[in-house]
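Enquirer: sharing a model that was predicted from the sequence below.
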Amino acid sequence: MLDFIYYPVSFILWCWHWVFGHVFGEASGVAWALGIVFLVWTLRAIMFKPFVKQVRSMRSMQEFAPEIKKIQKKYANDRQRQAQEMQKLQREHGFSPLGGCLPMLLQIPVFIGLFHVLRSFQPGHTENYFFDEQGVASYIDAKLFGAGLSNFITQPMDQMQALGADRTSVIIVSVPLMILASVLTHLTARHSVQRQNPEAATAQTAIMNKLTLYIFPLGVLVFGFFFPIGLLLYWLSNNTWTLMQQKLVYRRIDREEEEKKSAAIEKRTTLAPKPGAKPDQTKKRPGAAPAPGVKPAPNAKAAGTAKKSSPGAKPAPNAKAAGTARPKANGTTKSTGSASPNGVANTDGSTDSGLSADRSRNKNTGRKKR
């Protein structure tokens, strides 16, 4: 039924056993142990990119935890609207809760496939998926410090003796593997919990943290009594990879975020005016004087200044010049400016122009009439 899982797992194990079998021998327990370890690491390497997506998705959810809480509080009585708003927030910011669970879900069929393949190495079996009869016999005869890879602590005595092992050697090999696997499970969970955002903490989160920190490691110790040594090797190598991978990925993501923050700060610093520098004066209000060295536009009129004629320019036709005389009713003219050189001053302060004085003289004698 699950042959599509069993065959790939069996094939990868066969490849690594072939590699290490040429170094340590086909029936060597070290060759089979290393084959199981590198089988796990190969599968985890295949799932590396989904794991990175999982970490990014989880960090995005933690960043927008306040927004999620607001939606949950606002639509507490309307589950349908709450789900719609949550989906809208996820689409806008590109994160999904399913992306954070995918790598963990992918490990379940791998665990099931490896468990089934290792359990299928039984005396009398002529094949085990990619392994032929010789390969099955090689696994059964392989010993790791006197214990077979198919043995476990609570195994019935007759089965243990049929595999050529004793309970003491199985306990000596299994217990250290169980303890190491349990400790690594706790360290992996603690490293993940330390990276959580406190603002995103909820009652459910606190419960899950306690489960991963204490219950799961304890479960490894308890179920280790029923797990074959080969499966304990899988658990140990899987947790070792997970812990190293988490540290590597989180360090890389932290470095990327620091670079983005540094780039944003540098950009703001570049655009901001330097200390003591005057603000930009290129933009002036209408009517303001031009900056030094800037020529005014052609035909431009200076604001607030009177229109004056330049020296030597001719006045426009019919234009009244400043200071011209205005005629008075008695025939004399009152000068609004300075008196003419030939003008005669009147008793009222007015002056007769030189032209009026000339007309009053006798044309023949040139004398002035009295």
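Expert: Yep, it's here.

Enquirer: any stretches of the stretch 251-370 of the chain with poor pLDDT?
Expert: By pLDDT under 70, the low-scoring segments of the stretch 251-370 of the chain are 272-370.

Enquirer: how many neighbours does the nearest residue to Gly224 once chain neighbours are set aside have?
Expert: Sequence neighbours aside, Met178 is the residue nearest to Gly224 in space, at 3.4 Å (criterion: Cβ to Cβ, 6 or more residues apart in numbering). Just so you know, the C-beta spots here come from the backbone N, C-alpha and C atoms, and that holds for glycine as well. Applying other Cβ atoms under 10 Å, we find 22 residues neighbouring Met178.

Enquirer: packing partners for the helix or strand containing Met178?
Expert: Using DSSP states H and E, Met178 maps to helix 167-194. Judged by 3 or more Cβ pairs under 8 Å, 6 or more residues apart in numbering; DSSP states H and E, helix 167-194 is in contact with strand 147-148, helix 157-162, helix 216-223, helix 229-271.

Enquirer: rebuild those as CSV, extending it with mean neighbour count and distance to Pro123.
Expert: Formatted as CSV, the helices and strands packed on helix 167-194 follow (neighbours: other Cβ atoms under 10 Å; distance: least, Cβ to Cβ, whole Å):
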stretch, mean neighbour count, distance to Pro123
strand 147-148, 27, 11
helix 157-162, 13, 6
helix 216-223, 16, 25
helix 229-271, 15, 15
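
Enquirer: picking that back up, buried sites along the helix holding Met178?
Expert: For helix 167-194, a neighbour-count test (16 or more other Cβ atoms under 10 Å) marks 167, 169-170, 173-174, 177-178, 180-182, 184-189, 192 as buried.

Enquirer: tabulate the helices and strands packed on helix 167-194 (TSV), appending distance to Glu133.
Expert: Shown next, in TSV, are the helices and strands packed on helix 167-194 (distance: least, Cβ to Cβ, whole Å):
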stretch	distance to Glu133
strand 147-148	18
helix 157-162	17
helix 216-223	31
helix 229-271	19
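
Enquirer: closest to Ile12 out of the ones you listed?
Expert: Closest approach to Ile12 among the helices and strands packed on helix 167-194 (Cβ to Cβ): helix 229-271, 12.3 Å.

Enquirer: what's the angle from the closest one to helix 167-194?
Expert: Orientation check (axes from the mean of the first three to the mean of the last three Cα atoms, to 10 degrees): helix 229-271 against helix 167-194 gives 20 degrees.
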